[in-house]
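Asker: Take a look and give me a structure for this.
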Amino acid sequence: MARSTFPIHTEYIDLLQFLKATGIAATGGEAKMLVDEGFIRVDGEEESRRRRKLRPGMSIDIALDAPEAWEIVAQPEDA
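Answerer: Model prediction:
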């Protein structure tokens, strides 16, 4: 499975914001359900914290019917 990248220009992005921004979750409620039901892994470990701060270099795996793999990358502010 190919790993997609998600660039951020801030120090971090909350897990729920990431799920909505990537389109993995259509709503905040759906994002919360994905986390609460154990579909999300951060750096290889199941993540149960909805407000987990995702920083550049972290990997996120989503275990749905069509699994997805992502990596947070830093984007320079002038890019």
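Asker: for the chain, which helix is longest?
Answerer: helix 28-36 (DSSP state H).
Asker: downstream neighbour of that helix in the secondary structure list?
Answerer: Per DSSP states H and E, helix 28-36 leads on to strand 40-42 as the next helix or strand towards the C-terminus.
Asker: Partner strands of that following strand and their direction?
Answerer: Applying DSSP bridges, strand 40-42 is found paired with strand 45-46 (antiparallel), strand 59-62 (antiparallel).
Asker: list the contacts for the residue most central in space within the chain?
Answerer: When Cα atoms, centre = their mean is applied to the chain, the residue found nearest the centroid is Phe18 (4.7 Å). Listed by Cβ atoms under 8 Å, 6 or more residues apart in numbering, the contact set of Phe18 reads Phe6, Ile24, Leu54, Ile60, Trp70, Ile72. Just so you know, the C-beta spots here come from the backbone N, C-alpha and C atoms, and that holds for glycine as well.
Asker: With neighbour count and distance to Ser48 as added columns, please give those residues in TSV.
Answerer: Formatted as TSV, the contacts of Phe18 follow (neighbours: other Cβ atoms under 10 Å; distance: Cβ to Cβ, whole Å):
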residue	neighbour count	distance to Ser48
Phe6	17	21
Ile24	18	17
Leu54	22	14
Ile60	24	14
Trp70	20	18
Ile72	20	19
